[in-house]
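Student: Pasting the sequence and the predicted model now:
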Amino acid sequence: MPISRKFFVCILLAFFVSGCSGMSTRQKNAAAGAAIGGVAGAVLTGGSSVGTVGGAAIGGIIGHGVDKIGK
């Protein structure tokens, strides 16, 4: 049974997020926002690569700005 593409992406995401220990809070928020935005963009556009990349970009920008809201 071949590994599905979504499973492979989830494994890669977990691998890359585990290396965030040296990142600032703002960088962690941007990375989390990009990951969530990428998944949301893929779901909303039916797996379109443009939707996935666009969602990741928008999510990263929002995640980066979240730190500014609390201050």
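Tutor: That came through, no problem.

Student: helix or strand for the spatially most central residue of the chain, which one?
Tutor: The geometric centre of the chain, computed from its C-alpha atoms, lies nearest to A35 (CA atoms, centre = their mean), at 0.9 Å. In the assignment (DSSP states H and E), A35 maps to helix 25-44.

Student: gap between that helix and the chain center?
Tutor: From the chain centre to the centre of helix 25-44 is a distance of 3 Å (CA atoms, centre = their mean, to the nearest Å).

Student: residues making contact with the next helix or strand after that helix?
Tutor: Per DSSP H and E, the first helix or strand lying C-terminal to helix 25-44 is helix 49-69. Here helix 49-69 makes contact (CB atoms under 8 Å, 6 or more residues apart in numbering) with 25-26, 29-42, 44-45. Heads up, the C-betas are built off the backbone N, CA and C, glycines and all.

Student: Could you tell me which of these count as buried?
Tutor: By neighbour count, with 16 or more other CB atoms under 10 Å, these hold 29-42 as buried.

Student: tally of neighbours for S21?
Tutor: Neighbours of S21 under the rule other CB atoms under 10 Å: 6.

Student: Roughly how far does the residue nearest to the centre of the chain sit from I62?
Tutor: A35 sits 12 Å away from I62, going by CB to CB, to the nearest Å.
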